[in-house]
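In: would you be able to build a 3D model of this:
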Amino acid sequence: MKHFRIVFAVLSALLAGIPAAAQKSFAGGVVNVSASQASTDDVLIPISKYIASGNAEALSAWFADNLEIAILSRESDASRAQAKQIVKTFFDNYTPRSFNIDHTSGRAGMKYALGTLKAGGETFTVTIFLSFKVNTYKIQHLKIERF
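Out: Below is the predicted model:
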């Protein structure tokens, strides 16, 4: 019985400390990020915001100098400026409504995220690979494909 009380107390404390998913709304889109993701993946919060709002200019600030970009089955290695134009064209053709990060993972110096983008009346899967370069994370690979 004593062990049951200890286990119950620990579980109650853990469950009480788990907040519900947080939703941030702003002009141009909605981003859903769980509280656990927010604490471990802070770099993904602004990136998610820029994808949800269709802000290619701000998103491109997170691009590496050269990155792999694949949008709707068109893959290329691109400079930051080229990738910004590719993403801007996509956002012009498919106005984003919302973006949700569904899964994140990573290890030292690398992060990975999978998300769902609702844009232009369609649903897309977004894959983002980031690596740690010069004191910050930069997007090395960005892929957007139809769901």
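In: every contact and neighbour count from this point should use C-alpha atoms.
Out: Will do.
In: is it true that residue 139 touches residue 133?
Out: No: the criterion here is CA atoms under 8 Å, and residue 139 misses it with residue 133 at 9.8 Å.
In: so between the two, which is more surrounded?
Out: Shown here are residue 139 and residue 133; by other CA atoms under 10 Å, residue 139 has more neighbours (27 against 12).
In: report all helices and strands that the host helix or strand of the more buried one contacts.
Out: Here residue 139, judged by DSSP states H and E, is contained in strand 136-146. Under the contact definition 3 or more CA pairs under 8 Å, 6 or more residues apart in numbering; DSSP states H and E, strand 136-146 sits against strand 63-71, strand 122-133.
In: kindly present those as TSV, with separate columns for distance to residue 109 and mean pLDDT.
Out: Below are those laid out as TSV (distance: least, CA to CA, whole Å; pLDDT from 0 to 100):
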stretch	distance to residue 109	mean pLDDT
strand 63-71	14	97
strand 122-133	5	96
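In: what's the closest of those strands to residue 78?
Out: Residue 78 lies closest, by CA to CA, to one member of those: strand 63-71, at 5.6 Å.
In: C-terminal to that closest one, what's the next element?
Out: Counting by DSSP H and E, what follows strand 63-71 is strand 74-79.
In: from start to finish, how long is stretch 114-123 in a straight line?
Out: 13 Å (CA to CA, to the nearest Å).
In: buried sites along it?
Out: In terms of neighbour count (16 or more other CA atoms under 10 Å), stretch 114-123 has its buried residues at 114, 115, 116, 117, 118, 119, 123.
In: can you check stretch 93-101 too?
Out: In terms of neighbour count (16+ other CA under 10 Å), stretch 93-101 has its buried residues at 94, 95, 96, 97, 98, 99, 100, 101.
In: and the second one, what is it in contact with?
Out: Under the criterion of CA atoms under 8 Å, 6 or more residues apart in numbering, the neighbours of residue 95 are 54, 119, 120.
In: so what pLDDT did it get?
Out: With respect to pLDDT, residue 95 has a value of 97.
In: beta partners for residue 114?
Out: residue 103, residue 127 (DSSP bridges).
In: now the angle from the helix or strand hosting residue 85 to strand 136-146?
Out: For residue 85, the host element (DSSP H and E) is helix 80-93. On the basis of axes from the mean of the first three to the mean of the last three CA atoms, to 10 degrees, helix 80-93 is oriented at 40 degrees to strand 136-146.
In: that'll do, ta.
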